[in-house]
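Visitor: next one to model:
(chains A and B)
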2 protein chains.
Amino acid sequence: MAERLYRIGALTLTEIPRSHPRYESLLAREHIAEGVRDGITSTQGLIAQGRGEAFDYLIGERTTPAAKAATSAAAAMLLLAKRPALSVNGNVAALIPEGMVELSKALNAPLEVNLFHRTEERVGKIAGLLRSLGAERVLGEDPDETIPGLDHARSKASRGGIYDADVVLIPLEDGDRCEALVRMGKKVIAIDLNPLSRTSRMATVTIVDNIVRAVPNLISFAMELSVTNHRNLQSLIHEYDNRVALRQCVDEIQSHLTKQFR
Amino acid sequence: MAERLYRIGALTLTEIPRSHPRYESLLAREHIAEGVRDGITSTQGLIAQGRGEAFDYLIGERTTPAAKAATSAAAAMLLLAKRPALSVNGNVAALIPEGMVELSKALNAPLEVNLFHRTEERVGKIAGLLRSLGAERVLGEDPDETIPGLDHARSKASRGGIYDADVVLIPLEDGDRCEALVRMGKKVIAIDLNPLSRTSRMATVTIVDNIVRAVPNLISFAMELSVTNHRNLQSLIHEYDNRVALRQCVDEIQSHLTKQFR
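Guide: Numbers count the residues shown, from 1 in each chain, chains lettered A, B, ... in the order given. Here you go, the predicted structure:
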């Protein structure tokens, strides 16, 4: 599987020159299209990728200062968690599977496959991909619990994973699911490029950034902050206000838009 | 084919309640996904649809005053054209094939199938769909000319259609192609939800609106303005300034964003 991913990388490199101004964005798009061909990503995932591209374009395809602060608060929250869990869906698995495995090791947190359009085949393929990349704890194939307030197919969750976690990372998640997890009393960290989405507004901490930048940043912060004492981690979290951070993201979009027309 | 489209509509209606706040957007998404299954739309078309959804969301999923003015100038330009032509790609064919056929009749202008990721099979399917919906002049299957400055597969065009048109409507077109048509001295009308795209900036008139709203509006304006004299049509065109109009669209996005955080 790692070989397959390498092969896609190599193929893509011959088609998209590294010098292309939108290289990273085009590469991500290829990864998603490949995910669909491999049965890892749903067709709807392609549309979601397009929406993400548009918002990424509006923040200038870079990690903004507000996103950096949110990522650092998120890393602190995950380090202080008693039972952290990391959710993986089809787009996450197509875009940054190695990064999610690395993050799960850095945090000693399980990965749980958690799909919007759930099929057992797709859950199995994603779990297999993560294990082939070295993941030690992958849940989601045999969910033994349900999250209250969601319809049956979408409510499935696992003990030892998302169901009884105190802090959950949900990259590219929809609003209903985010809200249901918050209602369970969990701290929820979203990665979502749309600062106006229900997911972004409902989450405890929202990283408004492209997942291909946010996950490596989360890993760096987790490493860096792992030697920091609890008090300092807690103050990083206390300083963070999700509403203020989203407002900053919107300001950044507005100032980027204004610059385009000077 | 018309029956198939009706069936999709009916199927979709049972799945998405009309009362859903984002009904039109979800319906469009279903049409694109169906286009992919039918071999009319490319996989890349799904990503493009997602990008469009994001920008539509930012303008409030409505025809803004600036878009309405652009649509009226575009209709005047098409009515005054000596040889208008209307481009149809895979997303246009999936989203609003009947509308494009109706517009081509209202303007007495040919439709030309014009794909970014061209395959002869897809060209044939789209041309067949348009004819099954009553289109009288459909070009693109046997292109006999090339547009200067584009690579071979993307440069194909037809005499009697886009190649020797004086005014071309290019809904959902990419920047390179738009620029090449402008360089040929044509008046180019784009329909593009991203007011910052190269297509939007290069075009003579850019309608920053969802194609499912813009095409019916173009048909209405074409009907309404068909009884107007040339002088009045010309003044509608002269009053239009693409740069000013795009700036208004960006202002509308910014004011919509600001409202979200009140």
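
Visitor: I'd guessed residue A:182 sits against residue A:198; true?
Guide: No: Residue A:182 is beyond contact range of residue A:198, at 10.8 Å (criterion: CB atoms under 8 Å). Every C-beta, even on glycine, is put in place using the N, C-alpha and C of the backbone.

Visitor: sec struct for the nearest residue to residue A:226 once chain neighbours are set aside, please.
Guide: Leaving out its chain neighbours, the residue that sits closest to residue A:226 by CB to CB, 6 or more residues apart in numbering or on different chains is residue A:79, at 6.3 Å. Of the three states, residue A:79 takes helix according to DSSP: H, G, I helix; E, B strand; the rest coil.

Visitor: so residue A:79 makes contact with residue A:107?
Guide: Yes: counting by CB under 8 Å, residue A:107 is a contact partner of residue A:79 at 7.1 Å.

Visitor: any common contacting residues for these two?
Guide: residue A:222 (CB atoms under 8 Å, 6 or more residues apart in numbering or on different chains).

Visitor: pLDDT at residue A:6, what is it?
Guide: With respect to pLDDT, residue A:6 scores 31.

Visitor: in terms of pLDDT, where does the residue of the stretch 1-150 of chain A found nearest chain B sit?
Guide: Nearest residue of the stretch 1-150 of chain A to chain B (CB to the nearest CB) works out as residue A:50 at 2.1 Å. On the pLDDT scale, residue A:50 is placed at 94.

Visitor: over to residue A:15?
Guide: pLDDT recorded at residue A:15 is 56.

Visitor: over to residue A:40?
Guide: Residue A:40 is given a pLDDT of 94.

Visitor: and it, which helix or strand is it part of?
Guide: For residue A:40, there is no helix or strand it lies in under DSSP states H and E.

Visitor: which residues touch it?
Guide: For residue A:40, the contact set (CB under 8 Å, 6+ apart) comprises A:90, A:93, A:94, A:122, A:125, A:126, A:129.

Visitor: cool, and residue A:51?
Guide: A:193, A:194, B:50, B:51, B:53, B:54.

Visitor: buried set for the helix or strand harbouring residue A:222?
Guide: For residue A:222, the element it lies in under DSSP H and E is helix A:211-225. Neighbour-count burial for helix A:211-225, counted by 16 or more other CB atoms under 10 Å in any protein chain shown, picks out A:211, A:212, A:213, A:214, A:215, A:216, A:217, A:218, A:219, A:221, A:222, A:225.

Visitor: and stretch A:132-144, by the same measure?
Guide: Buried, per 16+ other CB under 10 Å, within stretch A:132-144: A:133, A:135, A:137, A:138, A:139, A:140, A:143.

Visitor: give me the mean pLDDT for that stretch.
Guide: For stretch A:132-144, the per-residue pLDDT averages 97.

Visitor: how about stretch A:238-255?
Guide: Per-residue pLDDT values over stretch A:238-255 give a mean of 94.

Visitor: can you dump the C-alpha coordinates of that stretch into CSV?
Guide: Only the C-alpha atoms of stretch A:238-255 are listed here, as CSV (Å, rounded to 0.1, in the frame of the first residue of the first chain):
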residue,chain,number,x,y,z
HIS,A,238,-7.7,29.0,28.3
GLU,A,239,-6.3,31.8,26.1
TYR,A,240,-8.2,30.2,23.1
ASP,A,241,-11.7,31.5,22.3
ASN,A,242,-13.3,29.7,19.3
ARG,A,243,-15.6,32.5,18.4
VAL,A,244,-12.8,35.1,18.4
ALA,A,245,-10.6,32.7,16.3
LEU,A,246,-13.3,32.2,13.7
ARG,A,247,-13.9,35.9,13.5
GLN,A,248,-10.2,36.3,12.9
CYS,A,249,-10.4,33.8,10.0
VAL,A,250,-13.2,35.7,8.4
ASP,A,251,-11.2,38.9,8.8
GLU,A,252,-8.3,37.2,7.1
ILE,A,253,-10.5,36.1,4.2
GLN,A,254,-11.9,39.6,3.9
SER,A,255,-8.4,41.2,3.9
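
Visitor: what sits up against it?
Guide: Residues outside stretch A:238-255 that contact it (CB under 8 Å, 6+ apart) are A:58-60, A:64-67, A:69-70, A:73, A:195-196, A:200-201, A:203-206, A:208, B:254, B:257-258, B:260-261.

Visitor: near chain B, from the contacts of residue A:40?
Guide: Filtering the contacts of residue A:40 for neighbours of chain B using CB under 8 Å from any CB of the partner chain leaves an empty set.

Visitor: name the nearest residue to residue A:152, ignoring sequence neighbours.
Guide: Using CB to CB, 6+ apart and skipping the chain neighbours, the partner closest in space to residue A:152 is residue A:146 (7.3 Å).

Visitor: could you check how far the one you found is from residue A:137?
Guide: Separation of residue A:146 from residue A:137 (CB to CB, to the nearest Å): 21 Å.

Visitor: which stretches of chain A form helices?
Guide: Secondary structure of chain A, counting by DSSP state H: helices at A:2-15, A:23-37, A:43-58, A:65-80, A:90-95, A:97-107, A:120-132, A:152-155, A:175-183, A:198-202, A:211-225, A:230-238, A:242-260.

Visitor: what comes up buried for the longest one?
Guide: Spelled out, that is helix A:242-260. Neighbour-count burial for helix A:242-260, counted by 16+ other CB under 10 Å, picks out A:242, A:245, A:246, A:248, A:249, A:250, A:251, A:252, A:253, A:254, A:256, A:257.

Visitor: state the pair within the buried residues of helix A:211-225 that is farthest apart.
Guide: Using CB to CB, the buried residues of helix A:211-225 reach their maximum pairwise distance at A:212 and A:225, which is 21.3 Å.

Visitor: residue contacts, residue A:69?
Guide: Residue A:69 is in contact with A:240, A:245, counting by CB under 8 Å, 6+ apart.

Visitor: for chain B, what are the nearby residues on chain A?
Guide: Counting by CB under 8 Å from any CB, the residues of chain A lying close to chain B are A:29, A:32-33, A:36, A:43-44, A:46-55, A:57-58, A:194, A:196, A:246-247, A:250, A:253-254, A:257-258, A:260-261.

Visitor: give me the neighbour count for the residue of the stretch 1-150 of chain A closest to chain B.
Guide: Residue A:50 has 22 neighbours, counted by other CB atoms under 10 Å in any protein chain shown.
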